[in-house]
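Asker: After the sequence you'll find the predicted model.
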Amino acid sequence: MTVEAQEDGMRLDVFLAQRSLDLTRSKAERLAKSGSVLVEGSVASPGRRLSAGERVEVTLPAPHDTFPAPEQTPLEILFEDDHLAVVNKPQGMVTHPGAGRTTGTLVNALLGRVASLAAGAGPERPGIVHRLDRDTSGLLVVAKNESSYRELSRQVRERELERRYLALAWGNIPEDRILIDLPIGRHLRDRQRMAAVPRPAPGRRVRSAVTDIRVLERFSSITLVEARLPTGRTHQIRVHLAHQGYPVVGDRVYGLRRARQGRAASDAETLALVKKLRGQALHAQFLRFRHPATGQDISFSVPPPPEMGRLLAHLRKSDAD
């Protein structure tokens, strides 16, 4: 391809996404990082600014079928019509295939239950508008056609889709409300983890992240909080709470030192119930958005999974005693 005059100064990944290559910007970025894109015969980075008249060559990978297979997996669907579905994702279920996992995901289960899903952001993510971590339970809205996907994605992007989470955090949070506004980026040593980055170094890739924490109940060694997300970054609530010194109970990745302090101050029954958790005590309990076809404001709420509910009930009983 040759860069046209109106494309002068455009980033390479944007250029590729806008040309007829069936590429999203993220796919174009991955191609460039893999060395499959040449500008004037040389490997170029995704952010390279192009000049009019330059020649761009792209080597596309061989086509292969990556579309997930339908699976007959039990799934709680709270609402469904011709445009969308709202599901209650269980703990332990990955939202969509990726990183070597091709089965047992929410997408596989949806394809076994729903007649059609929007193409979404790629063949591995049909219908997926927003995600939940594998060990986080709760509400997700899924798009069944392209117009619904575009509108719901816009509501996420413009911060119009409201999400509220319940979390049990180690420690006693003294403030009634904490507004955590800290960028999040990949951990420098462990690329599978994220990290809060209060002062990003030049060139380090981070994304803005805001978490609104409201204390609901305080117990001897644990605090029940509600978290609202103006932004939605990978592991955001877990990273932000751990950075503040209050890691999510049951989280085996973030804030382990602080979690040990909380466990040391807990009674034996609390510790036994914590061990029975199948993941972190983090649950997407409330979801509100405008229906993409009717414009009606709709909302849903679901209680936390049984293990988290039993721990919370014990904490309340112990506190009352």
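Answerer: Yep, that arrived. Numbering: from 1, shown residues only.

Asker: Could you use CA atoms for every contact and neighbour count after this?
Answerer: Noted.

Asker: ok, the residue most central in space within the chain - contacts?
Answerer: Central residue of the chain (C-alpha atoms, centre = their mean): residue 131, 4.0 Å from the mean position. Counting by C-alpha atoms under 8 Å, 6 or more residues apart in numbering, residue 131 touches 95, 140.

Asker: rerun at 7 Å
Answerer: By C-alpha atoms under 7 Å, 6 or more residues apart in numbering, residue 131 lies in contact with residue 95.

Asker: Quick check on it: phi, psi?
Answerer: phi -120, psi 160 (degrees, to the nearest 10).

Asker: likewise residue 191?
Answerer: Dihedral angles of residue 191 (phi, psi; degrees, to the nearest 10) stand at phi -70, psi -10.

Asker: Quick check: the residue nearest to the centre of the chain vs residue 87, distance?
Answerer: 12 Å (C-alpha to C-alpha, to the nearest Å).

Asker: what's the pLDDT at the residue of the chain most remote from its centre?
Answerer: In the chain, residue 53 marks the outermost C-alpha relative to the chain mean, sitting 39.7 Å out by C-alpha atoms, centre = their mean. We have a pLDDT of 95 for residue 53.

Asker: out of everything not next to it in sequence, what's closest to it?
Answerer: Among residues not flanking residue 53 along the chain, residue 3 sits closest, at 5.1 Å (C-alpha to C-alpha, 6 or more residues apart in numbering).

Asker: count of residues packed around the one you found?
Answerer: Other residues near residue 3 come to 19 when the count uses other C-alpha atoms under 10 Å.

Asker: which residues does it contact?
Answerer: 51-55.

Asker: Next, format those as CSV and append secondary structure and distance to residue 259.
Answerer: Below are these laid out as CSV (DSSP: H, G, I helix; E, B strand; the rest coil; distance: C-alpha to C-alpha, whole Å):
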residue, secondary structure, distance to residue 259
51, coil, 53
52, coil, 56
53, coil, 58
54, coil, 55
55, strand, 55
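
Asker: Can you spell out the domain ranges of the protein, please?
Answerer: Domain segmentation of the chain under automatic domain parsing yields 5-58, 76-158, 163-320.

Asker: Which of those has the highest mean neighbour count?
Answerer: Of all the domains of the chain, domain 76-158 carries the top mean neighbour count, a mean of 19, counting by mean count of other C-alpha atoms under 10 Å.
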